[in-house]
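S.K.: turn this into a structure:
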Amino acid sequence: MKQELLKGLSEEQIAKIKACKNQEEILELAKAEGVELTDEQLNAISGGCGTNSNNHNHRKIDD
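M.R.: Okay, here's the model as predicted:
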């Protein structure tokens, strides 16, 4: 994962992310930690192709 996508996360959170085996585990971790992810982070995790927008909205992962 690109280092700029980890910006704003604690060292502990980064270590937990690195321990995840797949994207689903990362999303579950974000939900459990109450971390809000930017569109760019969500695209990177889900394998999205990105967006043409420079809008970096934060989205909280919910049920």
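
S.K.: and the longest helix seen in the chain, what does it pack onto?
M.R.: Longest helix of the chain, by residue count under DSSP state H: helix 23-33. Helix 23-33 sits against helix 11-19, helix 39-46, with contacts defined as 3 or more CB pairs under 8 Å, 6 or more residues apart in numbering; DSSP states H and E. Where you see a C-beta, it was placed from the backbone N, CA and C, and this is true even at glycine.

S.K.: do you know the pLDDT at the closest residue to residue 29 other than its chain neighbours?
M.R.: Ranked by CB to CB, 6 or more residues apart in numbering and with sequence neighbours excluded, the top spatial neighbour of residue 29 is residue 16, at 5.7 Å. Note on residue 16: pLDDT of 89.

S.K.: isn't residue 16 right up against residue 32?
M.R.: No - with contacts counted by CB atoms under 8 Å, residue 16 stays clear of residue 32, the gap being 9.2 Å.

S.K.: how near is residue 37 to residue 12?
M.R.: 17 Å (CB to CB, to the nearest Å).

S.K.: the two: who's more crowded?
M.R.: residue 37 (20 against 9; other CB atoms under 10 Å).

S.K.: pretty sure that one is in a strand, no?
M.R.: Yes - under DSSP: H, G, I helix; E, B strand; the rest coil, residue 37 falls within a strand.

S.K.: okay, and the beta partners of it?
M.R.: Beta-bridge partners for residue 37, by DSSP bridges, are residue 59.

S.K.: separation between it and residue 43?
M.R.: Using CB to CB, residue 37 is found at 10 Å from residue 43.

S.K.: what comes up buried for the longest helix of the chain?
M.R.: Neighbour-count burial for helix 23-33 flags 26-27, 29-30 (criterion: 16 or more other CB atoms under 10 Å).
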